[in-house]
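> just coords:
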């Protein structure tokens, strides 16, 4: 029994995927870059299918390439739980049935089945109930999200400069399992998903058309453009990523310093003790984590399918409908299931690396052909505005403790969405962080990731705003023509730039790869949470939860319940905002009890300066 060995099924996949990738890749290159050689012999639909086959087969082939096994790792090591236990066919079936936790496995499956049954039998009632609940939470509970998000930011900043940042997770002798570039790449690509691709050129345009009330600007004015870019940074920058730190750091500390299990419920350690982390409260926290993860990822997959094909229809006038979306989701599910079952050291790591390379290439090329002077000037103003207004924007609800409709629909909704993703992203960050100092974890998950995201939004947002303002392209009209689908926004922007075909190709690739990198990680995390605590997830568990997420996404498409499920996923952000508050209180208390005597950056600098002064006096 091996942990990272290659199964016979993977060997067969490699033999099939390699020639498929090469052949489809050759056709794609000819079609995109040498269309005169192909002419009209291949229709738009076939072009899309071939492109998706190329993306999918290439990514899946990378995932099933062999890697060196590490059989010496203890089953008590938290990192072990991110390795996939490989068994034969009989062992896989038996292992799957015997290793599943009956509560964290059975309840989510039953709950999602009941949700779709309700959506089919009483769709209007389900939509009305969920929608009204979500609006009530974001409108009247906005103060909770604002307060906890601000606390998470303050906590992250203090860890950067305070004494607790010096804590090394796993002890003084612990060594990181991954190089820093790999560490950053895996967390960044897992935590952001395809939303960064869709909203990059689109969010600022929405705010430009309907300005945020905090800035009180006229719609589609110069002031509205500045406010729009500022709010895009606000919703996707440091504040957003702090939610992951608020979950990930407590889990990492208790796992590596106190021997707690790798679970989201581990954040309750200071209140329950390590020996009591199998209580009802812990089960509830882990169940909420599974609901939030599956709901968020499955909804994103469904929206990716619909919006990806909407963009295709805009650019090449090729319509696919629900069947096309279902086929797209099925293909994407195949990719992330293959990646997840191969484990962190193979598929998840490799596809994340491809993702970051494509992301970096797109940014460099886009900056080279974009209106650079406008981008730099707009970005500078937006960064300054963000720095000055971030805290007032955070505290601005509009009507006392009741959120203004714009604030509820945008800011509070975004905070709830980030909190709903925090369990799986935070757990993954914790699992990767052994051997890192807490300050490094925060620099990575709060600073570096936020800066990378902000660069993207500044680059694409300022360009799309400039094209809209100068009437070079009416991007807002294109969005309206396709029912407000934000995925369309990038295509008219690319058409106005040089090497537009290359941008379109990279944009489509980024949509697929960003979604795959989040979905394969979420599949692994859900499998860990649903498996009994003393076991690593089996291949069967990984495949089950991956397919389950894909089926939920397909069900969303078939029943037209994407917005309803997304609203339900957002609703889990409320309980997790409370959990984050509890986690921060508990961790601060634990640090005060167990991590005394450490120096902050300022304290270390003072000691060093005092010693230098003493040396000077002696001389």
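It's in. Please read these numbers as outputs of a predicted model, since none were measured by experiment.

> what comes up buried for the helix or strand encompassing residue 325?
Residue 325 is part of helix 321-342 when elements are defined by DSSP states H and E. Going by neighbour count (16 or more other Cβ atoms under 10 Å), the buried part of helix 321-342 is 324-329, 331-342. For the C-beta atoms, the positions are set from N, CA and C on the backbone; glycine is no exception.

> And for stretch 257-269?
257, 260-269.

> Repeat that for stretch 532-541.
Per 16+ other Cβ under 10 Å, stretch 532-541 contains these buried residues: 533, 535-541.

> Narrow those to those in helices?
539-541 (DSSP state H).

> I'd assumed residue 267 was in contact with residue 260.
No. With contacts counted by Cβ atoms under 8 Å, residue 260 stays clear of residue 267, the gap being 9.1 Å.

> So what's the residue count around the closest residue to residue 308 other than its chain neighbours?
Leaving aside its chain neighbours, residue 308 sits nearest to residue 511 (5.4 Å; criterion: Cβ to Cβ, 6 or more residues apart in numbering). Neighbourhood size, residue 511 [other Cβ atoms under 10 Å]: 23.

> can you check residue 471 too?
So residue 471, with other Cβ under 10 Å, has 7 neighbours.

> which residues touch it?
By Cβ atoms under 8 Å, 6 or more residues apart in numbering, the contact list for residue 471 is empty.

> Need the phi and psi values for it.
phi 60, psi 20 (degrees, to the nearest 10).

> Kindly report the same for residue 177.
The phi/psi pair for residue 177 (degrees, to the nearest 10) is phi -80, psi -20.

> quick one: it and residue 434 touch, right?
Yes. Residue 177 lies in contact with residue 434 (Cβ under 8 Å); the separation is 6.3 Å.

> so which strand or helix has residue 278?
Applying DSSP H and E, one finds residue 278 in no helix or strand.

> The one 3 residues further on now?
Counting by DSSP H and E, the element that carries residue 281 is helix 280-316.

> buried set for that helix?
282-283, 285-315.

> and the angle for it with helix 321-342?
With axes from the mean of the first three to the mean of the last three Cα atoms, to 10 degrees as the basis, helix 280-316 and helix 321-342 are set at 130 degrees to each other.

> ok, back up a step: tell me, what's touching residue 260 and residue 267 both at once?
Here residue 260 and residue 267 have residue 254 as joint contacts, going by Cβ under 8 Å, 6+ apart.

> low-confidence ranges in the stretch 351-500 of the chain?
Along the stretch 351-500 of the chain, no part satisfies pLDDT under 70.

> which stretches of it form strands?
Using DSSP state E, counting those that start in this stretch, the strands of the stretch 351-500 of the chain run over residues 398-399, 402-403.

> Which strands border the first one, and is each parallel or antiparallel?
Partner strands for strand 398-399, per DSSP bridges, with pairing direction: strand 402-403 (antiparallel).

> Distance from the partner strand to the middle of the chain?
27 Å (Cα atoms, centre = their mean, to the nearest Å).

> For that strand, give me every contacting residue.
138-140, 142-143, 397, 411-412.

> thinking again about what came up before, can you lay out the ones in helices among the buried residues of stretch 532-541 as CSV showing pLDDT?
Below are these laid out as CSV (pLDDT from 0 to 100):
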residue, pLDDT
539, 84
540, 85
541, 87
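
> The helix or strand bottoming out on mean pLDDT in the chain: what's the following helix or strand?
None of the helices or strands of the chain scores lower by mean pLDDT, DSSP states H and E than helix 35-38, at a mean of 60. Note on helix 35-38: by DSSP H and E, the next helix or strand toward the C-terminus is helix 44-64.

> Just list what that next one packs against, helices and strands only.
helix 8-33, helix 280-316, helix 321-342, helix 349-369, helix 500-530 (3 or more Cβ pairs under 8 Å, 6 or more residues apart in numbering; DSSP states H and E).

> mind checking pLDDT for the closest residue to residue 272 other than its chain neighbours?
Setting aside the residues directly before and after it, residue 272 is nearest to residue 279 in space (Cβ to Cβ, 6+ apart), at 6.0 Å. For residue 279, the model assigns a pLDDT of 89.

> how near is the residue nearest to residue 283 when sequence neighbours are not counted to residue 177?
Excluding the flanking residues, the one nearest residue 283 by Cβ to Cβ, 6+ apart is residue 103, at 5.3 Å. According to Cβ to Cβ, to the nearest Å, residue 103 stands 30 Å off from residue 177.

> Mind checking which of these two has more residues around it?
residue 177 (21 against 14).

> The stretch 151-300 of the chain: helices as residue ranges?
180-192, 195-199, 203-209, 222-236, 238-258, 269-272, 280-316 (DSSP state H, counting those that start in this stretch).

> possible to save those helices as CSV with distance to residue 153?
As requested, these are exported to CSV (distance: least, Cβ to Cβ, whole Å):
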stretch, distance to residue 153
helix 180-192, 16
helix 195-199, 20
helix 203-209, 20
helix 222-236, 11
helix 238-258, 5
helix 269-272, 22
helix 280-316, 21
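
> do you know which of those lies nearest residue 468?
helix 203-209 (6.3 Å; Cβ to Cβ).

> Show residues contacting that closest one.
219-220, 224-225, 227-229, 231-232, 235-236, 410, 457, 461-462, 464-465, 468, 475-476, 479, 486, 489.

> go again using 6 Å as the cut-off
Helix 203-209 has contacts (Cβ atoms under 6 Å, 6 or more residues apart in numbering) with 224-225, 228-229, 231-232, 461, 464-465, 475-476.

> Can you tell me which of these is nearest residue 165?
Nearest to residue 165 among the contacts of helix 203-209: residue 232, at 29.2 Å, using Cβ to Cβ.

> Could you give me the PyMOL selection string for whichever of the contacts of strand 402-403 are buried?
Buried members of those, defined by 16+ other Cβ under 10 Å, are picked up in PyMOL with:
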select buried, resi 138+139+142+397+411+412
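
> Sketch out the low-pLDDT regions of the chain for me.
1-6, 31-45, 68-97, 315-316, 602-607, 609-619.

> okay, now the domains of it?
Here the domain parsing of the chain from automatic domain parsing is 1-72, 73-618.

> Single out the most deeply packed of those domains.
domain 73-618 (a mean of 20; mean count of other Cβ atoms under 10 Å).

> just how off-centre is it within its chain?
That offset, for domain 73-618, works out to 3 Å (Cα atoms, centre = their mean).

> quick one on the thing from earlier: what's the closest of the helices of the stretch 151-300 of the chain to residue 110?
Judged by Cβ to Cβ, the one of these that comes nearest to residue 110 is helix 280-316, at 11.3 Å.

> That closest one versus helix 44-64: what angle between them?
140 degrees.

> Helix 280-316 and the helix or strand harbouring residue 563, what's the angle between them?
Using DSSP H and E, residue 563 sits within helix 562-571. Helix 562-571 and helix 280-316 are oriented at 140 degrees to each other (the same axes, to 10 degrees).

> Contact partners for residue 300?
Contacts of residue 300 by Cβ under 6 Å, 6+ apart are residue 193.

> I'd like the numbering to begin with 85 instead of 1 from here.
All set: I'll call the first residue 85, so the last point we hit is now residue 384.

> For it, give its distance to residue 340.
For residue 384, the distance to residue 340 - Cβ to Cβ - is 30 Å.

> do the same with residue 188
For residue 188 relative to residue 340 (Cβ to Cβ), the value is 23 Å.

> And the furthest pair within the contacts of strand 486-487?
224 and 495 (14.5 Å).

> In contact with the residue lying closest to residue 518 once chain neighbours are set aside, which residues?
Leaving aside its chain neighbours, residue 518 sits nearest to residue 254 (4.5 Å; criterion: Cβ to Cβ, 6+ apart). By Cβ under 6 Å, 6+ apart, the residues touching residue 254 are 340, 518-519.
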